[in-house]
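*Asks:* Test case, fold it:
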Amino acid sequence: MSIDISVSERVATILLNRPDKLNALTDTMWMQLRDHLDRCEQDDEIRSVIITGAGRGFCAGADISGEGKVIERKPGIAGITQMTDFYFSIVRRIYHMPKPTVAAVKGAAVGISWTMALCCDFVLAGESAKFRPGFMNLGKVPEGGFQFLLSRLVGEFKARELTYRSQFVTGPAAAEMGLVTRCVADDELIDEANTLAAEAAGFAPAAFKYAKRLFNSNSGDYDAFLAEEAKAIAITATMSDAKEGMMAFVEKRAANFTGT
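*Replies:* The predicted structure follows:
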């Protein structure tokens, strides 16, 4: 059981690699995922990130069997809070990753793994993809900000229906609802993810980071949003990348953004 990482052409691919268990996440795997995400954020040579699963599924969610447990849990509510704090600290790393993230999903994406996909900037779904909250049917509350993320995408009433009824949503249906960037054939999924991640690796790093912060700000106040936007514009407009972008446009060539 492991989560692997490979880097090629400025794109890091994080592979959930426990296919015999539909890549269900053990304690060890959560810690590996944390370390890989930290590397992706800190390594300037990595400019975009793909998250995908080995075998026939994306991820069955957190492993509830106890297999691979290495973290000592406190008893009762304190132990549950301890573990949710740990999981959430890792999900936050995906949501706040200052570099473009692409989830490439085929087969099942259940529970907190669907939340992880929703935290990405782009979600590509294979035709075999089957998303399911997988919480309420177990008598549990959704995790990792699932309701927050889902409501922003499909509206509160549809989010309530999907959450309360724990329904499966296929890849094509997810695309129709706006829950994924697009749905593609399974045998094209990884190629499409690599193409998108390679394009995203060419984004101006600072401009992307601040644009993403604005998407994630969730400010319900238009004037407050404009104030944050003005700060982001002021910072990025004075950077070398802004000058390079203008020069590349004038010279009709691809821009070479450096993050400075």
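*Asks:* For this protein, which segments count as helices?
*Replies:* Assigned by DSSP state H, the helices in the chain fall at 27-42, 76-95, 112-118, 146-154, 156-165, 171-177, 189-200, 205-217, 222-237, 240-250.
*Asks:* which stretch in these has the least confidence?
*Replies:* Lowest mean pLDDT of the helices of the chain: helix 222-237, a mean of 73.
*Asks:* Just send the helices of the chain back as CSV, with distance to Ser2 and mean neighbour count too.
*Replies:* C-beta: built from backbone N, CA, C; applies to glycine. Compiled in CSV, the helices of the chain are given as follows (distance: least, C-beta to C-beta, whole Å; neighbours: other C-beta atoms under 10 Å):
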stretch, distance to Ser2, mean neighbour count
helix 27-42, 6, 18
helix 76-95, 16, 14
helix 112-118, 16, 28
helix 146-154, 25, 18
helix 156-165, 31, 15
helix 171-177, 26, 19
helix 189-200, 19, 18
helix 205-217, 29, 17
helix 222-237, 38, 13
helix 240-250, 36, 14
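*Asks:* how near is Ile3 to Ala24?
*Replies:* Per C-beta to C-beta, to the nearest Å, Ile3 is found 12 Å from Ala24.
*Asks:* Kindly report the same for Ser2.
*Replies:* Separation of Ser2 from Ala24 (C-beta to C-beta) stands at 13 Å.
*Asks:* same check, this time on Cys40
*Replies:* 22 Å.
*Asks:* what's the answer for Lys106, then?
*Replies:* Note on Lys106: its distance to Ala24, by C-beta to C-beta, is 16 Å.
*Asks:* just Thr81 next, same as before
*Replies:* For Thr81, the distance to Ala24 - C-beta to C-beta - is 22 Å.
*Asks:* Likewise for Ala255?
*Replies:* Ala255 is 42 Å from Ala24, by C-beta to C-beta.
*Asks:* In terms of neighbours, single out the busier of the two.
*Replies:* Ranked by neighbour count (other C-beta atoms under 10 Å), Ala255 and Ala24 place Ala24 first, with 23 against 16.
*Asks:* Could I get the contacting residues of that one?
*Replies:* Contact criterion C-beta atoms under 8 Å, 6 or more residues apart in numbering gives Arg18, Cys59, Ala60, Gly61, Ala62, Asp63, Ser65 as the residues in contact with Ala24.
*Asks:* Export these to JSON lines and append columns for distance to Lys130.
*Replies:* Compiled in JSON lines, the contacts of Ala24 are given as follows (distance: C-beta to C-beta, whole Å):
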{"residue": "Arg18", "distance to Lys130": "18"}
{"residue": "Cys59", "distance to Lys130": "12"}
{"residue": "Ala60", "distance to Lys130": "11"}
{"residue": "Gly61", "distance to Lys130": "13"}
{"residue": "Ala62", "distance to Lys130": "18"}
{"residue": "Asp63", "distance to Lys130": "19"}
{"residue": "Ser65", "distance to Lys130": "21"}
